[in-house]
Structure formats: structure tokens, C-alpha cells
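Enquirer: Have a look; sequence and predicted model below, questions after that.
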Amino acid sequence: SSIGKPIVCKAAVAREAGTPLVIEEVTVAAPKSNEVRIKILCTSLCHSDLTLWSLKDPPRFFPRILGHEAVGIVESVGEGVEEFAEGDFVMPVFLANCGECTDCKSKKSNLCTTLPFKLSSMMPRDETSRFTDSKGEFLYHSLHVSSFTEYTVVDIAHVTKVDPRIPPNRACLLSCGVSTGVGAAWKTAQVDEGSTVAIFGLGAIGLAVAEGARLCGATKIIGVDVNPAKFETGKKFGLTHFVNPKENATKSVSEIVNSFIHYKSNSKYNVINEMTDGGADFCFECVGMASLVEEAFACCRKGWGKTVVLGVDKPNSKLTLSSHDVLHNGKILTGSLFGGLKAKTDISTLVKWYLDKKLRLDDFVTHEMKFEEINKAFELLIEGKCLRFRSRI
Ligand code: CXF
Ligand code: ZN
């Protein structure tokens with residue numbers, strides 16, 4: 001058996017920023033204490049992988065094994081690990097959930113203090129790597145998961161058991177993107193029945209927010225995207241209205257764009273405010289553009305409007321908000337990592353919703369391909385043609 005020994009297997013290695021991944025033989029060390037080694041069954045591609053892959057500025061973490069949306073089977077466990085056993089069907093998650101710290105114990109937070117979120121490229125506790133290439137050089141991890149490989153090692157705070165009745169090619173979607181969007185509506189925003197929702201950016205995250213808002217009983221779900229094809233896609237996920245800032249019939253492009261950027265509370269150009277009689281109850285920014293966060297914040301209702309930031313902009317991007325606007329309008333602005341979900345408890349609820357046919361996952365998978373074709377998936381996601389591909393490893 002392979003227990004306690006290194007495993008040699010196939011992985012897609014990102015050697016350099018922005019260059020195609022290379023399928024190579026890598027060695028995956030045995031798990032240490034607080035770790036499990038997972039045989040990946042299915043992985044999908046999240047937009048954050050593209051971001052991490054294309055970052056040219058230092059610090060550069062290459063060569064690296066990307067991928068963080070996946071499910072698999074526990075192959076072996078490290079010394080003293082009791083929570084997991086060989087054969088468990090599990091999901092790795094980029095956000096830790098130790099279960100013991102103040103945040104993990106609180107209903108109000110999913111930001112574990114024991115292993116706080118950081119963009120580290122190593123194992124979270126000892127900052128070392130479990131991967132080496134055929135020359136014996138170490139390879140960086142990614143988001144504490146690294147799923148573009150047949151086997152990976154993950155800290156137990158980043159792993160949760162999953163009901164094996166959900167098929168792997170659906171379960172993997174709940175490891176990051178879809179959970180983030182659904183959770184943002186359900187946990188972070190706490191969308192309530194009859195409310196109005198505006199979603200800026202209709203990639204997988206934005207559409208998952210729509211699905212979450214629909215599940216929470218929102219009645220008006222407005223999607224905003226510059227790609228008109230997204231409306232048809234969006235309808236399947238519960239969108240009731242669509243706004244294309246580029247193609248608004250009554251206003252010129254510059255008026256619309258201007259109105260979004262230099263929004264004044266009663267501006268007649270604010271289409272969302274017109275559609276919702278004063279602003280949406282909930283706005284979600286799902287692109288990763290600081291200016292779009294300002295736009296979303298401007299489009300939520302005074303008094304109780306809540307804007308949730310999900311998109312990942314460049315690390316140094318800044319928001320500009322008028323302090324008077326903030327003071328006068330009493331709106332809420334919040335971020336949401338992993339949709340406010342706790343990996344160890346909330347994912348099982350989403351899995352149950354899927355098994356009960358409440359939560360729709362199937363339409364998120366637009367492409368399926370072999371692991372060897374992973375670079376094609378990168379291309380499709382860059383072109384915006386693909387929501388999620390999944391690959392059976
Ligand atoms: C993201 C969340 C924000 C930082 C980078 C990773 N999560 C998953 O894709
Ligand atoms: Zn992700």
C-alpha cells in the first residue's frame with residue numbers, strides 16, 4: 001500500500017505565469033499530522049486560478065500546482081488524524097474552518113482565526129510543500145488545495161466530508177464558486193422573501209448569486225452584464241431582468257457608464273434605481289472592479305440597502321466613496337469570502353439542497369473535458385465562453 005510513502009502521479013504544473021500548464025510526473029509526499037492525502041476525483045476551474053496563473057508581478061509562486069475546486073477520496077491520513085479515514089468522500093476548501101476558534105464558534109463569521117485566509121502557496125501550518133517534480137525541485141501549492149493533480153495533500157481544517165450520493169462532477173462546483181455565490185445571497189446578504197436584487201457580472205459567481213437569491217425568495221433579480229448572451233443563460237438561474245450598460249435603448253453608452261461611475265442619489269440615469277423604485281435591496285459585485293463596487297453601492301437602496309463584494313480586483317485597488325453619501329444614506333457595504341459559509345457545516349446543507357432538487361447545479365457545467373485538455377478550459381474561461389468545466393482525473 002501507499003500509506004506513509006510518497007506517491008508518484010500526474011499533475012498539471014504551471015511553470016510560468018500565463019504559459020500553458022504542463023502535464024508532468026510529480027511526487028506527492030505522505031500527509032503529516034493534521035493533514036490528509038486526497039485522490040482527486042473531479043476538479044473544475046475557478047476564475048481565481050486564472051488570476052493566480054496570470055499574475056506577473058512579484059512575489060511569483062512558480063512552478064505551482066493550481067486548482068482549488070474539487071472533490072476526492074481520502075487515500076491516507078497523517079499521524080493522529082481522527083476526523084477522516086481512508087475512503088471518505090471529501091471536499092477541499094480554500095477557506096479554513098478549524099471549528100475551535102472564536103470565529104469558527106460564532107454564527108457571525110466564517111473567517112477562521114487559527115488558519116486565517118492568506119494567499120499563501122504552501123501548507124498552512126508549517127509553510128512547506130508536499131510536491132516535488134521529477135528533478136526533485138519543490139512545487140508551490142495553491143490556495144491550500146492544489147487540485148490539478150491526481151493526488152494532493154490538504155490540511156484537515158480545509159477539508160469537509162460530503163454525502164457520497166452527490167455525483168463528483170456536481171459536488172466539485174460546491175468547493176468554491178457556486179457555494180460562494182449561493183452563500184453570499186443566503187448567509188452574507190441574507191436575502192429575504194420579496195426582495196429586489198441586482199447582480200453585477202454574470203459569470204459563474206453572479207449566476208450562483210441569482211440561484212441563491214431565487215432560493216431565498218427574491219422576486220426581482222436583475223442581472224447587469226456587457227455581454228448580451230448572458231441574459232439567456234441568466235434566465236435559467238432565476239434572472240427576471242437584464243441591464244446591459246452598453247446597449248440601453250434610451251440612453252447613450254456614455255450616459256449610462258457615466259451615471260454608474262458618477263452616480264448621484266436621484267440621478268435619472270440610474271436604471272437600477274428606476275427599476276427598483278429607489279434602489280435594490282441587495283447588490284452584488286461579481287467582477288472584481290473597484291469602480292463597479294462603487295456603482296453597485298450607488299444602486300442599493302438608502303436605509304437598508306446592502307452591497308456585497310465578491311469580485312477580486314488587483315491587490316492595490318481602492319474604493320472612492322463620498323463620506324456624505326455614506327453618512328446620509330445608511331447603506332451597508334461588506335465583503336464575502338466563500339459566501340460567508342463554514343466549510344464543515346454549510347456545504348452539507350447545499351449538498352442536501354441539491355439532492356432534494358432545490359439547488360440547481362447542472363447548468364453550471366458548460367464543458368466537460370479530459371484532464372489533459374486543461375489548457376483548453378483556461379482558454380474558454382478567458383474568452384468568457386465557459387462557466388465551469390469539470391474534469392474527471
Ligand atoms: C478567492 C477569494 C478571494 C481571494 C482569492 C481567492 N477565492 C476563491 O476563488
Ligand atoms: Zn475559487
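Expert: That came through fine. Ligands and ions are numbered 1, 2, ... in the order given.
Enquirer: By mean pLDDT, flag the weakest helix or strand of this structure.
Expert: helix 253-261 (a mean of 44; mean pLDDT, DSSP states H and E).
Enquirer: From the contact counts, what lies against the very next helix or strand once past it?
Expert: Going down the chain from helix 253-261, the next helix or strand is helix 271-275, by DSSP states H and E. Applying 3 or more CB pairs under 8 Å, 6 or more residues apart in numbering; DSSP states H and E, one finds that helix 271-275 makes contact with strand 220-224, strand 241-243. For the C-beta atoms, the positions are set from N, CA and C on the backbone; glycine is no exception.
Enquirer: nearest spatial neighbour of the most centrally placed residue in the chain, skipping sequence neighbours?
Expert: Compute the mean C-alpha point of the chain, and by CA atoms, centre = their mean the closest residue is Gly177, 3.2 Å away. Leaving aside its chain neighbours, Gly177 sits nearest to Ala204 (4.6 Å; criterion: CB to CB, 6 or more residues apart in numbering).
Enquirer: Ile382 now?
Expert: Looking at Ile382 with CB to CB, 6+ apart, the closest residue is Leu50, at 6.6 Å.
Enquirer: Assumed the one you found was part of a helix.
Expert: Yes: Leu50 forms part of a helix when assessed by DSSP: H, G, I helix; E, B strand; the rest coil.
Enquirer: Could you check how far it is from Ser147?
Expert: 15 Å (CB to CB, to the nearest Å).
Enquirer: For the two, indicate the residue with more neighbours.
Expert: Using other CB atoms under 10 Å, the more surrounded residue of Leu50 and Ser147 is Ser147, with 34 against 16.
Enquirer: Phi first, then psi, for the more buried one.
Expert: The phi/psi pair for Ser147 (degrees, to the nearest 10) reads phi -110, psi 0.
Enquirer: quick one: it and Met91 touch, right?
Expert: No: Ser147 is beyond contact range of Met91, at 10.2 Å (criterion: CB atoms under 8 Å).
Enquirer: Give me the common contacts of the two.
Expert: Residues touching both Ser147 and Met91 by CB atoms under 8 Å, 6 or more residues apart in numbering: Ala70, Gly72.
Enquirer: For Gly181, give me phi and psi.
Expert: The phi and psi values for Gly181, taken as degrees, to the nearest 10, are phi -70, psi -50.
Enquirer: For it, which non-adjacent residue is spatially closest?
Expert: Counting by CB to CB, 6+ apart, the residue nearest Gly181 is Ala208, at 2.4 Å.
Enquirer: Show the average pLDDT along stretch 175-188.
Expert: Taken as a whole, stretch 175-188 has a mean pLDDT of 98.
Enquirer: Then stretch 210-223?
Expert: For stretch 210-223, mean pLDDT is 97.
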